[in-house]
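**Student:** Following is a predicted model, sequence given first.
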Amino acid sequence: MLNAPARPLLGCIADDFTGATDLANMLVRGGMRTVQSIGIPTAEVAGQLDADAIVIALKSRTVPAPDAVKESLEALRWLRERGCEQIFFKYCSTFDSTAAGNIGPVSEALLEALDSDFTLACPAFPENGRAVFRGHLFVQDQLLSESGMQHHPLTPMTDANLVRVLQSQSQGKVGLLRYDSVTQGVERIRARITQLRAEGVRLAVADAVSDADLHRLGEACAGLALLTGGSGLALGLPDNFRRAGKLRDLDAARVAAVEGGEVVLAGSASQATNGQVATWLQAGRPAFRIDPLALAAGQPVIEQALAFAGDHAEPVLIYATSSPDEVKTVQRELGTERAGNMVEQAMGRIASGLHQAGVRRFVVAGGETSGAVVQALGIQLLQIGAQIDPGVPACVSTPGEPMALALKSGNFGGPDFFAKALKHLAGVPA
Ligand SMILES: Nc1ncnc2c1ncn2[C@@H]1O[C@H](COP(=O)(O)OP(=O)(O)O)[C@@H](O)[C@H]1O
Ligand SMILES: O=C(O)[C@@H](O)C(=O)COP(=O)(O)O
């Protein structure tokens, strides 16, 4: 193993913010020192990078496909200039995409720019219940199209057949790397990839139902210029670099300790977050509820939330999280986009008000909410630390005075996630 400062080996482009953190977590678990940049790093930040893997977090999941392609190609250019040997395009483990893309168009544009003719598409993440079998995506025991994702406001997923979904977004031929090949070992996978290439397939959906499948896929794909998928497909990649003697002998999850006040901010209305809020309330811990209708009526909700936090010596939860029916009522009243923006802006302003009051450890629930909070806090780069729950690591911001953050995708984390995350950020062993 080596110990000199690293040039990045793996360059990653993520289509959303908590998704980027999820991928970064997987790489750190495998022993790669990883940083996550909010957009393309500035020259100042780039000069200070020392990482085996860089994840550029974009917000390109639901923008028009040409914009997603443009932003992704800019990120690719930056990563290649840094010498990355392999590129990973990270999207959601529930394959969230609009009817017009963006997974197909971005994958094909990246392939072309890399002068490559083939890649895999695999959103499987077995630890969080996402499995791909015979090209169909399951969320726990249900097909994607019956999992609740068919009702997603921005990216409704009404077809679980990923070959069909990806083909509808792609110019090139989409094929299937089926489970019977994946389960037969690395050589069989490589042979099947050679066949698929010969048949003119450019994008192959890969079956995977276990971590062992993902490790085999990762090993078989060591030589591919581009991989695309959920964080699960990255499981096997650190070992490829380790086998090639390119990884350093260090604790990849080491991050600076951060002192200061603590808070939990929840702007996700997903099922898992609703459960986590309920657990916090049942434990009798202090919580302040943001009412979007009060915000819309111009009431001083932000000031009230800050005063509530100031009145408590212990960490508080500030949440907009509501049941699906309550959210629908608010959306009918205010409009979906306006309601979402108002809550996100409020969360951002509360985060920066709390920062001014000395808070330095933030647990945030929700992808869009995390984006709003991180932007309000002016964060450019995150060093990725140890895993809190599958898909969610502890992070520390840099440069400047450090802040500790746990950014949770709405659907991730166990019922006691908030308390567990606060302990992690405080450096208390689990
Ligand atoms: N009570 C509510 N009523 C309406 N919209 C809400 C409410 N609570 C949260 N939201 C909005 O719902 C969206 C949740 O998205 P996000 O933060 O990405 O969470 P998730 O990761 O669960 O999708 C945000 O735009 C947020 O502002
Ligand atoms: O792959 C996943 O499921 C996550 O990493 C992810 O992308 C989640 O997106 P949000 O639910 O919008 O946070």
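**Tutor:** Arrived safely, thanks for sending. Just so we're clear, the structure is a prediction, and the values are computed from it rather than from any experiment. Ligands and ions are numbered 1, 2, ... in the order given.

**Student:** any residues touching the helix or strand bottoming out on mean pLDDT in the chain, and which ones?
**Tutor:** For the chain, the helix or strand with the lowest mean confidence is helix 43-46, at a mean of 84 (criterion: mean pLDDT, DSSP states H and E). Contacts to helix 43-46, defined as Cβ atoms under 8 Å, 6 or more residues apart in numbering, come from residues 37, 82, 380-381, 399. Just so you know, the C-beta spots here come from the backbone N, C-alpha and C atoms, and that holds for glycine as well.

**Student:** between these, which is nearest Ser147?
**Tutor:** Ser37 (31.4 Å; Cβ to Cβ).

**Student:** what about the one helix or strand the closest one maps to and ligand 2, touching?
**Tutor:** Element membership of Ser37 [criterion: DSSP states H and E] is strand 34-38. No - for strand 34-38 and ligand 2, the contact criterion (Cβ under 6 Å from any ligand atom) is not met; the two come no nearer than 12.0 Å.

**Student:** which residues touch the closest residue to ligand 1 within the chain?
**Tutor:** Across the chain, the shortest distance to ligand 1 (Cβ to the nearest ligand atom) belongs to Gly410, at 1.8 Å. Contact partners of Gly410, counting by Cβ under 8 Å, 6+ apart, are 268-270, 272-273, 365-367.

**Student:** can you do 7 Å?
**Tutor:** By Cβ atoms under 7 Å, 6 or more residues apart in numbering, Gly410 lies in contact with 268, 270, 272-273, 365-367.

**Student:** Buried residues of the least confident helix or strand of the chain, list them for me.
**Tutor:** Residues of helix 43-46 classed as buried: Val45 (neighbour count, 16 or more other Cβ atoms under 10 Å).

**Student:** And stretch 239-250, what's buried?
**Tutor:** For stretch 239-250, burial by neighbour count (16+ other Cβ under 10 Å) applies to 239-241, 246-248.

**Student:** do the same with stretch 158-169
**Tutor:** So, applying 16+ other Cβ under 10 Å, buried residues of stretch 158-169: 159-163, 165-167, 169.

**Student:** near ligand 2 at all, stretch 49-56?
**Tutor:** No - using Cβ under 6 Å from any ligand atom, stretch 49-56 stays clear of ligand 2, coming no nearer than 11.1 Å.

**Student:** any idea how far that stretch is from the chain center?
**Tutor:** Centroid separation for stretch 49-56 versus its chain: 15 Å, with Cα atoms, centre = their mean, to the nearest Å.

**Student:** cool, and stretch 52-67?
**Tutor:** Counting by Cα atoms, centre = their mean, stretch 52-67 is centred 11 Å from the centre of its parent chain.

**Student:** Any chance you could list what contacts it?
**Tutor:** With Cβ under 7 Å, 6+ apart, stretch 52-67 has contacts from 6, 8-17, 20, 23-24, 27, 32-40, 68, 71-72, 75, 79, 96, 98, 100-102, 105, 154-155, 247, 371.

**Student:** Endpoints of it, how far apart?
**Tutor:** One end of stretch 52-67 sits 28 Å from the other (Cα to Cα, to the nearest Å).

**Student:** ditto for stretch 230-242
**Tutor:** 21 Å.

**Student:** Check what contacts that stretch and list those residues.
**Tutor:** By Cβ under 7 Å, 6+ apart, the surrounding residues in contact with stretch 230-242 are 9-10, 22-23, 25-27, 30-32, 88, 90, 92-93, 122-126, 130, 208, 211, 214-215, 217-219, 222, 227, 247, 391.

**Student:** Is it possible to mark the buried ones in those?
**Tutor:** Buried positions within those, assessed by neighbour count (16+ other Cβ under 10 Å), are 9-10, 22-23, 25-27, 30-32, 88, 90, 92-93, 122-126, 130, 208, 214-215, 217-219, 222, 227, 247, 391.

**Student:** Now intersect these with the helices, please.
**Tutor:** Under the assignment DSSP state H, the buried ones among the contacts of stretch 230-242 contribute 22-23, 25-27, 214-215, 217-219 to helices.

**Student:** show me the contacts for the residue of the stretch 301-430 of the chain found nearest ligand 2.
**Tutor:** Residue nearest to ligand 2 within the stretch 301-430 of the chain: Gly367 (2.7 Å; Cβ to the nearest ligand atom). Contact analysis of Gly367 by Cβ under 7 Å, 6+ apart lists 16-18, 409-410.

**Student:** repeat for His312
**Tutor:** Pro286 are the contacts of His312 under Cβ under 7 Å, 6+ apart.

**Student:** three-state assignment of it?
**Tutor:** The local conformation at His312, judged by DSSP: H, G, I helix; E, B strand; the rest coil, is coil.

**Student:** do you know how far it is from Ala305?
**Tutor:** Using Cβ to Cβ, to the nearest Å, we find His312 at a distance of 11 Å from Ala305.

**Student:** Return the list of helices and strands in contact with the strand or helix carrying Glu303.
**Tutor:** Using DSSP H and E, Glu303 sits within helix 301-310. Helix 301-310 is packed against strand 316-319, helix 336-356, with contacts defined by 3 or more Cβ pairs under 7 Å, 6 or more residues apart in numbering; DSSP states H and E.

**Student:** Help me see whether the longest one makes contact with ligand 1, please.
**Tutor:** Put plainly, it is helix 336-356. Yes - contact of helix 336-356 with ligand 1 (Cβ under 6 Å from any ligand atom) involves 339-340, 343-344.

**Student:** Can you give me the buried ones in that helix?
**Tutor:** By neighbour count on 16+ other Cβ under 10 Å, the buried set for helix 336-356 is 339-340, 342-344, 346-351, 353-355.

**Student:** Count the residues that sit near the residue in the stretch 151-300 of the chain positioned nearest to ligand 2.
**Tutor:** Here the residue of the stretch 151-300 of the chain nearest ligand 2 is Gly230; by Cβ to the nearest ligand atom that distance is 4.4 Å. Neighbour count of Gly230, defined by other Cβ atoms under 10 Å: 28.

**Student:** How far does the least confident helix or strand of the chain sit from its chain's centre?
**Tutor:** Distance, centroid of helix 43-46 to centroid of chain: 23 Å (Cα atoms, centre = their mean).

**Student:** ok, then the element right after that helix?
**Tutor:** Sequence-wise, the next helix or strand downstream of helix 43-46 (DSSP H and E) is strand 53-57.

**Student:** who does that next one pair up with?
**Tutor:** Sheet pairing of strand 53-57 (DSSP bridges) gives strand 10-14 (parallel), strand 34-38 (parallel).

**Student:** Out of those, which is the most enclosed?
**Tutor:** Highest mean neighbour count among the strands paired with strand 53-57 (mean count of other Cβ atoms under 10 Å): strand 10-14, with a mean of 27.

**Student:** All set, thanks.
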